[in-house]
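Colleague: My questions are about this predicted structure, shown below with the sequence.
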Amino acid sequence: MARYFFDVIDGRTISDEAGIDLPDLAAVRREAVRLLPEIARDEIHKYDCDAQTLALMVRDEAGQPVYIANLSYAGIWLRS
């Protein structure tokens, strides 16, 4: 197993200092798919705008990026 770090990017970077041990890159992808919507659900309401993109960049133990996932939110008023 190797340790991977999941950094959140939302206009700034919040570095994951703890990381998680995962057996392979397929598990890295599964963890990113699980984490990113959870992070968005907790964070998206904190922004005072109707367009936001969150990214999750995964680094390996050497600090090299191995995977990135993006999730975008766009709210559009249909009536004013």
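Modeller: Thanks, I have the structure now. Numbers count the residues shown, from 1 in each chain.

Colleague: Under the pLDDT cut-off, which ranges of this structure? List them.
Modeller: Along the chain, the model assigns pLDDT under 70 to residues 47.

Colleague: All the strands of the protein, residue numbers only.
Modeller: In the chain, the strands defined using DSSP state E lie at 2-9, 13-14, 20-22, 51-59, 65-74.

Colleague: buried residues in the longest one?
Modeller: By neighbour count on 16 or more other CB atoms under 10 Å, the buried set for strand 65-74 is 67, 69. C-betas here are computed from N, CA, C, even on glycine.

Colleague: any chance of the strands of the chain in JSON lines, with distance to residue 37 too?
Modeller: Below are the strands of the chain laid out as JSON lines (distance: least, CB to CB, whole Å):
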{"stretch": "strand 2-9", "distance to residue 37": "13"}
{"stretch": "strand 13-14", "distance to residue 37": "17"}
{"stretch": "strand 20-22", "distance to residue 37": "17"}
{"stretch": "strand 51-59", "distance to residue 37": "10"}
{"stretch": "strand 65-74", "distance to residue 37": "7"}
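
Colleague: ok, the spatially most central residue of the chain - contacts?
Modeller: In the chain, the residue lying closest to the centroid (CA atoms, centre = their mean) is residue 56, at 2.4 Å. By CB atoms under 8 Å, 6 or more residues apart in numbering, the contact set of residue 56 is 6-9, 32, 35-36, 39, 68-69.

Colleague: Go through these and give me the one with the most neighbours.
Modeller: residue 6 (22 neighbours; other CB atoms under 10 Å).

Colleague: That residue reaches residue 35, doesn't it?
Modeller: Yes - judged on CB atoms under 8 Å, residue 6 makes contact with residue 35 at a distance of 6.0 Å.

Colleague: Okay, residue 52 and residue 59: tell me how far apart.
Modeller: 23 Å (CB to CB, to the nearest Å).

Colleague: whoops, I mixed them up, residue 38
Modeller: Look at residue 38 and residue 59: by CB to CB, they are 19 Å apart.

Colleague: Those two: who's more crowded?
Modeller: Legend: neighbour count by other CB under 10 Å for residue 38 and residue 59, higher for residue 59 (18 against 9).

Colleague: Name the nearest residue to that one, ignoring sequence neighbours.
Modeller: residue 5 (4.5 Å; CB to CB, 6 or more residues apart in numbering).
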